[in-house]
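Asks: whatever this is, show me its structure:
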Amino acid sequence: MATETKPTLIRSVARASRILLHLARQGDPATAKETAAALDMHIATTYHLLNTLVAEGLVTKDAGRRYGLGPRVGELSDAFDRQLAPPEILLVGLRRLAQDCGETSYLSAWRQGEISVLASIEGSHAVRVGVLHRGMRGDAHARASGKLLLAHATAEARDAYFAKHPIRSVTPHTIVDLDDLNAEFQRIRDRGYSTDDGEFAEGVACASAPVMSNGQVTAAFTVSAPTGRFAETQDDLIEKLVQAAKAASTQ
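Replies: Here you go, the predicted model:
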């Protein structure tokens, strides 16, 4: 039996990637020392990587020797937008859903073998949740949208997904037994929507409904709320969610 060869990983590339992601999350420019401390990296290594990224236009350095994202990051962002861009008609429906239910709403779909979040619209409630972001992928078995899209995928597509993404416990509430997951997928197909009660993030509950095209599930609308508020308004939220998904399907 042939053994799978592990890919070669370049440590410097991994570290440079961590720096870029850190600067993106940081928001404000940071010094090399601050960046090294945040990422638990050697200061000299961090300094050299930052200056290499500056030379490539991915990072900028100001007069105070503070580093931030550079102009060429925009090229990556634009390319990523084109890759994930959903039809405008679905974005219209997603905005209407977020407005009607007051909760943060998401649009997800299969992209290149991954279940990705394509768009998100914040809700109007003062207390809202935003645990997912555009481009988010992985752990589909723990997310309402992921479970819904997996439930309606072919057995071959599910097997391929789980071969690449082993089922793991994201929170104590995550379903990690494959038989239990298959039973959950059947329940989702029977009732026409999926839920996630703290399976992906503690204290957060979600529901997801399918957007159809020519009899096939092509995307998912999702609403997300704190578990307490979700429990109080669950029936109304799910009704609005299902109706929004159906309206998008007809268009």
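Asks: need the nearest residue in space to the residue nearest the centre of the chain, chain neighbours excluded.
Replies: Most central in the chain under C-alpha atoms, centre = their mean is residue 136, positioned 2.1 Å from the mean C-alpha point. Spatially, and ignoring its direct neighbours in sequence, residue 136 is nearest to residue 117 (4.2 Å; C-beta to C-beta, 6 or more residues apart in numbering). C-beta here means a position set from N, CA and C on the backbone, and glycine is covered the same way.
Asks: and if you look at residue 91?
Replies: In space, residue 91 comes closest to residue 119 once its chain neighbours are excluded; the distance is 5.9 Å by C-beta to C-beta, 6+ apart.
Asks: that neighbour belongs to a strand?
Replies: Yes: assignment of residue 119 by DSSP: H, G, I helix; E, B strand; the rest coil places it within a strand.
Asks: quick one: it from residue 56, how far?
Replies: Look at residue 119 and residue 56: by C-beta to C-beta, to the nearest Å, they are 29 Å apart.
Asks: and those two? which has more neighbours close in?
Replies: For residue 119 versus residue 56, the count of surrounding residues by other C-beta atoms under 10 Å is larger for residue 119: 17 against 11.
Asks: so what sits opposite that one in the bridge?
Replies: residue 107 (DSSP bridges).
Asks: report the contact partners of it.
Replies: Applying C-beta atoms under 8 Å, 6 or more residues apart in numbering, we find residue 119 in contact with 86, 90-91, 94, 106-107, 134.
Asks: can you give me the strands in this protein?
Replies: Remark: strands assigned in the chain by DSSP state E are 59-61, 67-69, 104-111, 114-121, 194-197, 204-213, 216-226.
Asks: and the longest one, what's buried?
Replies: If I follow you right, that is strand 216-226. Within strand 216-226, the residues scored as buried using 16 or more other C-beta atoms under 10 Å are 217-226.
Asks: what do you get for the third one?
Replies: By neighbour count, and taking 16+ other C-beta under 10 Å as the criterion, the buried residues in strand 104-111 are 104-110.
Asks: ok, which pair from those residues is furthest apart?
Replies: Of all pairs drawn from the buried residues of strand 104-111, the one with the longest distance (C-beta to C-beta) is 104 and 110, at 21.7 Å.
Asks: that older thread, between the contacts of residue 119, which sits nearest residue 180?
Replies: When the contacts of residue 119 are compared against residue 180 (criterion: C-beta to C-beta), the nearest one is residue 106, at 24.4 Å.
Asks: pLDDT value on that closest one, please?
Replies: pLDDT, the model's per-residue confidence, is 93 for residue 106.
Asks: OK, contacts around the residue lying closest to it once chain neighbours are set aside?
Replies: Closest residue in space to residue 106, ignoring its immediate chain neighbours: residue 222 at 4.2 Å, by C-beta to C-beta, 6+ apart. Residue 222 sits next to 105-108, 143-145, 206-209, 241 when contact means C-beta under 8 Å, 6+ apart.
Asks: then residue 97?
Replies: 105, 121, 221, 223, 240-241, 244 are the contacts of residue 97 under C-beta under 8 Å, 6+ apart.
Asks: next: residue 89.
Replies: Applying C-beta under 8 Å, 6+ apart, the residues contacting residue 89 are 248, 251.
Asks: measure it to residue 219 for me?
Replies: 11 Å.
Asks: give me the distance between the nearest residue to residue 33 once chain neighbours are set aside and residue 61.
Replies: Leaving aside its chain neighbours, residue 33 sits nearest to residue 43 (6.0 Å; criterion: C-beta to C-beta, 6+ apart). For residue 43, the distance to residue 61 equals 15 Å [C-beta to C-beta].
Asks: same question, residue 36
Replies: The separation that residue 36 has from residue 61, given C-beta to C-beta, amounts to 15 Å.
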